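> got a sequence here, can you model it:
(one chain, ligands or ions: 1)
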Amino acid sequence: MAKLWRVGVVALAVAVLGACTSRVHEAGATPVDCAVVKCVALTFDDGPSPYTDRLLRILNDADAQSTFFLIGNKVAADPAGAKRIAEAGMEIGSHTWEHPNMTTIPSAEVPAQFAKANDAIRAATGVTPTLWRPPGGLTDDAVNARAGEFGLAGILWDVIPFDWINDADTDATRYMLMTQIRPGSVVLFHDTYSSTVDLVAQFIPVLKANGYHLVTVSRLLGPRAPGSVYGGRENGPPANDLRDIPAGEIPVLPATPSPPPMPNFPITDIAGANSGGPNNGG
Ligand code: NI
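You can find the predicted model right below:
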């Protein structure tokens, strides 16, 4: 009986804890209707990385939510890092198991890229992704159909500020953001760059001053049909919607070290393939 009582208490504690956790996440979420107010979805690819926790603090301090497209083999190598992203109330999508060009790998290898990433993300976070981002933005009808079998909808973007090319020149990235972002934009970043995290820290106040709410892709777009693809690989037309804020209102960055970007892991499962994207596995 005593043992049963203890089990009951544990179950109650788990239930209360679960309720509190979800309440914290709800409190952290900005309850916005993107059909009414201006929203932008900042998305971060290729993590988790050593800079992700700094980004999570920045986003949480700003009451901002984002979507993280995680690479499965990085999640498997750092499940605790992936879990912290979920615990911070962020949305998690799949960026495949090892970031190949999904349109050129052998078609027989495509399902495993989805399955292994979903398994790693589910094991680390308890969340099964419903969104995926094609590495390099590269996909085709056959790959999309396979994604649909795993319940995944593709999410590309309309703003690509080239943060990986502009690593040492964040002014160039910032210019792209200033001229391209408009209400409803989905923005592609990489939290594998220390400079990207710094840029986001200093750019969020600009977005907020312009009345933007920072939301997840799902909050912005609503449910997506598995196998569908949203957005494109290029920048949309210039919007010039944003007005800059005085330099004095941009927060000074803490003296954080700025180590080199974190590369993706080389592809080991598929002979002759290399991990695509900014770092190309290097
Ligand atoms: Ni990528």
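
> separation between Cys136 and the ion?
Small correction: residue 136 is Gly, not Cys. When distance is defined by C-beta to the ion, to the nearest Å, Gly136 is 7 Å away from the ion. (Glycine included, C-beta is placed from N, CA and C.)

> for that residue, helix, strand, or coil?
On the three-state scheme (DSSP: H, G, I helix; E, B strand; the rest coil), Gly136 is labelled helix.

> once you drop chain neighbours, what's closest to Thr196?
Distance criterion C-beta to C-beta, 6 or more residues apart in numbering; nearest residue to Thr196, sequence neighbours excluded, is Asp163 at 4.6 Å.

> who are the contact partners of that neighbour?
Listed by C-beta atoms under 8 Å, 6 or more residues apart in numbering, the contact partners of Asp163 are Thr170, Thr173, Phe189, His190, Tyr193, Ser195, Thr196, Leu199.

> so what's the residue count around the residue nearest to the fifth one when sequence neighbours are not counted?
Nearest non-adjacent residue to Tyr193, counting by C-beta to C-beta, 6+ apart: Pro261, 4.7 Å away. The burial count assigned to Pro261 is 23, neighbours taken as other C-beta atoms under 10 Å.

> Pro261 against Asn166, yeah?
No. Pro261 is beyond contact range of Asn166, at 11.7 Å (criterion: C-beta atoms under 8 Å).

> and the closest residue to Lys38 other than its chain neighbours, which of the three is it?
In space, and not counting its chain neighbours, Lys38 is closest to Pro183: 4.3 Å by C-beta to C-beta, 6+ apart. Following three-state DSSP, the label given to Pro183 is coil.

> pretty sure Pro183 sits against Ala35.
No. Judged on C-beta under 8 Å, Pro183 makes no contact with Ala35 at a distance of 10.2 Å.

> mind checking pLDDT for the residue nearest to Lys38?
Note on Pro183: pLDDT of 98.

> show me what contacts it?
With C-beta under 8 Å, 6+ apart, Pro183 has these contacts: Lys38, Cys39, Val40, Tyr212, Asp241.

> what helix or strand is Ala35 on?
Assigned by DSSP states H and E, Ala35 falls within no helix or strand.

> how far away is it from Glu234?
For Ala35, the distance to Glu234 (C-beta to C-beta, to the nearest Å) stands at 26 Å.

> and the two? Which one has more around it.
Between Ala35 and Glu234, Glu234 has the larger neighbour count (other C-beta under 10 Å), namely 12 against 8.

> neighbours around the residue in the stretch 101-250 of the chain that the ion sits nearest to, how many?
Residue nearest to the ion within the stretch 101-250 of the chain (C-beta to the ion): Pro135, separated by 4.9 Å. Other residues lying near Pro135 total 24 when counted by other C-beta under 10 Å.

> show the pLDDT at it.
96.

> next, count neighbours for Pro226.
18.

> these two touch, right, it and Ala145?
No. The pair Pro226 / Ala145 is not scored as a contact, 9.6 Å apart, by C-beta under 8 Å.

> not counting sequence-adjacent ones, nearest residue to Leu156?
Gly231 (3.6 Å).

> can you pull the contacts of that neighbour?
By C-beta under 8 Å, 6+ apart, the contact list for Gly231 reads Ile155, Leu156, Trp157, Asp158, Val186.

> so what pairs up with the third one in the strands?
Spelled out, that is Trp157. Gly232 (DSSP bridges).

> give me the number of residues near it?
Trp157 has 25 nearby residues by other C-beta under 10 Å.

> so it makes contact with Phe189?
No. With contacts counted by C-beta under 8 Å, Trp157 stays clear of Phe189, the gap being 9.6 Å.
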